[in-house]
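This is a predicted model, with the sequence first.
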Amino acid sequence: MRRRVHQPFCLRVLGGLSALALASACNGDKKAEPTSTPQRSQAVTATAAGSAAKVAPAPSASAPAVPTKPARKLCAGELDKPGKKLTDKPLSRAAAPGAKSMPDKLSQAAQGWTWVNFWAAWCVPCKEEMPRLIEFEKKLGGKLRVVFVSLDDDQRQLDDFLKAQPETGVRATYWLKEGKEREAWLTAAEIEEDPELPTHLLVDPEGKVRCRVKGAVEDSDYPSLAQIVGR
């Protein structure tokens with residue numbers, strides 16, 4: 001059953017309104033609109049002010065720039081340790097038509113320091129860093145020789161990559177074929193059988209591995225490398 005609201009209670013609830021508004025509201029006249037009261041106007045003003053206070057200020061145009069990440073130091077803490085002789089096991093080779101042939105042993109072409117780069121034709125970071133490594137070799141002259149060693153499984157993919165290279169690019173590479181050849185060579189070099197690519201070895205003039213570097217090299221790595229080979 002619907003509860004009836006008595007007139008006196010309605011008058012108390014709607015206190016502060018005009019008598020006409022009271023009568024209309026209590027009699028259920030929906031057309032009558034209550035007039036604005038000072039209390040209501042103050043409440044609206046206070047609400048608007050509060051909403052404006054919640055708006056975050058615009059960022060300053062003169063905010064300080066985020067500091068750049070400092071260049072890493074290659075082979076940090078490793079060069080003072082005795083190096084292990086790099087294996088002298090022969091490696092397979094692959095080359096584009098007309099490219100200069102390579103000796104079957106990596107050590108036979110050693111001159112000064114040697115940077116050994118393990119890569120694959122499917123590895124995007126590997127291909128992106130190749131011109132950078134070639135440029136490092138040019139800048140350092142006879143102090144550094146860069147050697148590329150492919151870990152490709154698909155010979156056709158490897159051959160297609162070498163053929164597509166410009167004359168100044170990588171048109172010949174050592175190649176560790178999948179299976180016993182790769183396993184034996186990487187184990188002797190103390191590298192996991194399925195390494196993260198690219199991976200690098202820095203070999204000193206005596207043929208000893210002095211450090212291992214994982215991941216692609218950057219332009220910012222050059223000063224550190226130049227300092228090492230110029231020791």
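Received it, and whenever you're ready, just let me know what you need.

for the chain, what spans make up the helices?
Under the criterion DSSP state H, the chain contains helices at 7-13, 19-26, 38-53, 124-140, 155-164, 180-188, 222-229.

what's the average pLDDT for the second one?
Think helix 19-26. Here helix 19-26 scores 40 as its mean pLDDT.

Could you list the domains of the protein?
As given by automatic domain parsing, the domain ranges for the chain are 7-33, 84-229.

now, of those, which is deepest in the fold?
By mean neighbour count, with neighbours taken as mean count of other CB atoms under 10 Å, domain 84-229 ranks first of the domains of the chain at a mean of 16. Backbone N, C-alpha and C define where each C-beta goes, glycine included.

Against Glu167, how distant is Ile191?
31 Å (CB to CB, to the nearest Å).

right, and the domains of the chain - which one's nearest Glu78?
Ranking these by proximity to Glu78 (CB to CB) places domain 84-229 first, at 3.9 Å.

contacting residues around Asp160?
Counting by CB atoms under 8 Å, 6 or more residues apart in numbering, Asp160 touches Ala121.

Just to check, Lys214 is in contact with Thr199?
Yes. Counting by CB atoms under 8 Å, Lys214 does reach Thr199; the two are 5.5 Å apart.

Quick check: pLDDT value at Gln39.
In the predicted model, Gln39 carries a pLDDT score of 48.

Touching, Asp219 and Leu133? I think so.
No. Using CB under 8 Å, Asp219 is not in contact with Leu133; the gap is 11.1 Å.

Grab the nearest non-local neighbour of Ser225.
Not quite, residue 225 is Leu, not Ser. Nearest non-adjacent residue to Leu225, counting by CB to CB, 6 or more residues apart in numbering: Leu74, 5.7 Å away.

oh, I was asking about Ile191
Closest residue in space to Ile191, ignoring its immediate chain neighbours: Thr199 at 6.5 Å, by CB to CB, 6+ apart.

Then Pro97?
Closest residue to Pro97 apart from its sequence neighbours, by CB to CB, 6+ apart: Lys163 at 7.1 Å.

Distance check, that neighbour against Asn117.
Where Asn117 is concerned, Lys163 sits at a distance of 20 Å (CB to CB).

and if you look at Val217?
To Asn117, Val217 is 9 Å away according to CB to CB.

okay, and the common contacts of the two?
The contact sets of Val217 and Asn117 overlap at 129, 133, 198, 200 (CB under 8 Å, 6+ apart).

Now do the same contact list for the closest residue to the second one other than its chain neighbours.
Going back to what we said before, that points to Leu133. Spatial nearest neighbour of Leu133, chain neighbours left out: Val146 (4.9 Å); criterion: CB to CB, 6+ apart. Neighbour list for Val146: 114-115, 117, 133-134, 136-137 [criterion: CB under 8 Å, 6+ apart].
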